[in-house]
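Participant: pasted the sequence and its predicted model underneath.
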Amino acid sequence: MYKVLVVDDERIEREGIKFLISHYDFPIEITEAENGLKALQVLKAEKVDILFTDIRMPFMDGLQLIAEARAIQPDLKAIILSAYGEFDFAKEAIRLQVAHYLLKPVETEEFHEVFSNVLGIKGKPNAEMLLDALPDRSNGSNGSTSRKVIEEVLQLIHNHYRESIGLDWIAEQVYLTPSYLSYLFKKEMGVNIVKYIVSYRFEKAAALLCGTNMKIIDISVEVGYENYPYFCSQFKNYFGTTPAKYREGQRK
């Protein structure tokens, strides 16, 4: 017997989820709670297999509920149902190993597919599945979910290009696998992430060569290259000339 807990402060929403679940032929027992505090009381009293929860509710939000529920029942599988398809929510959901993130109004076919998958899930959830669950339903200027990810990645690069950063480190910061981040970045920017970092560093180096009297070896360190000969070699590959000749040519 599967035990499912449905948590939403709107009774009509709880009834809708219960109605969708009732279409399955599995042995399923459904209980409900109108907020996170009452949900925790249920979780402390009985074993629950799957938690359906809204995000924005009184007393505590759904993400806090999932975190506290996991402390009580570590094997609990959680599904978020929310009207808010914002990347910050999805990112936190990934960190909490949420099984899926469904946007309201829930489509019947999508719900059935997700619920079937969760009933058979083993191990950690797929982060890409969570991110892909957030289609672009934005009516504002924030753009698509993937674009928000890339904006965060660009900010990380612009803030940390002086340091030893790479694809793996950046992927860890935005809670994605390196392969999926690489795919998203190339799709949005038209260039892979490593080439973008190199390009950004050398454009910064060029600006310092032309706009300051810094020593070239110091510029090398400033843009993230501790190895001076390697910096010069890569600079020449990028601009077709050495840093010294570039500075001389630009100042004529």
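Facilitator: Right, received. Where do you want to start?

Participant: after the helix-or-strand element of the chain with minimal mean pLDDT, next one along is what?
Facilitator: In the chain, the helix or strand scored least confidently by mean pLDDT, DSSP states H and E is helix 127-132, which has a mean of 56. Next along the chain after helix 127-132, taking DSSP states H and E as the criterion, comes helix 145-160.

Participant: any idea of the mean pLDDT in that next one?
Facilitator: Regarding helix 145-160, the rounded mean pLDDT is 87.

Participant: and the longest helix for the protein?
Facilitator: helix 193-211 (DSSP state H).

Participant: buried sites along that one?
Facilitator: Judged by neighbour count using 16 or more other CB atoms under 10 Å, the buried positions of helix 193-211 are Ile193, Tyr196, Ile197, Val198, Tyr200, Arg201, Phe202, Lys204, Ala205, Ala206, Leu208, Leu209. Yep, even glycine has a C-beta here, placed from its N, CA and C like the rest.

Participant: ok, now stretch 211-221?
Facilitator: Using 16+ other CB under 10 Å as the test for burial, stretch 211-221 gives Ile216, Ile219, Ser220.

Participant: go on, stretch 222-239?
Facilitator: Those would be Glu222, Val223, Gly224, Tyr225, Phe231, Cys232, Gln234, Phe235, Tyr238, Phe239, for stretch 222-239 by 16+ other CB under 10 Å.

Participant: contacts for it?
Facilitator: 161-165, 198-199, 201-202, 204-206, 208, 214, 216-217, 220, 242-243, 246 (CB atoms under 8 Å, 6 or more residues apart in numbering).

Participant: with stretch 169-186 instead?
Facilitator: 91, 94-95, 127-128, 131, 146, 149-150, 152-153, 156-157, 167-168, 191-193, 196.

Participant: what do you get for stretch 190-206?
Facilitator: With contact meaning CB under 8 Å, 6+ apart, stretch 190-206 is reached by 153, 157-158, 161, 165-167, 170, 181-182, 185-186, 189, 219-220, 222-225, 231, 234-235, 238-239, 243, 246, 250.

Participant: can you give me the strands in this structure?
Facilitator: For the chain, applying DSSP state E gives strands covering 2-7, 28-33, 50-53, 77-82, 100-103.

Participant: so which bits of the second one are buried?
Facilitator: Spelled out, it's strand 28-33. Ile28, Ile30, Glu32, Ala33.
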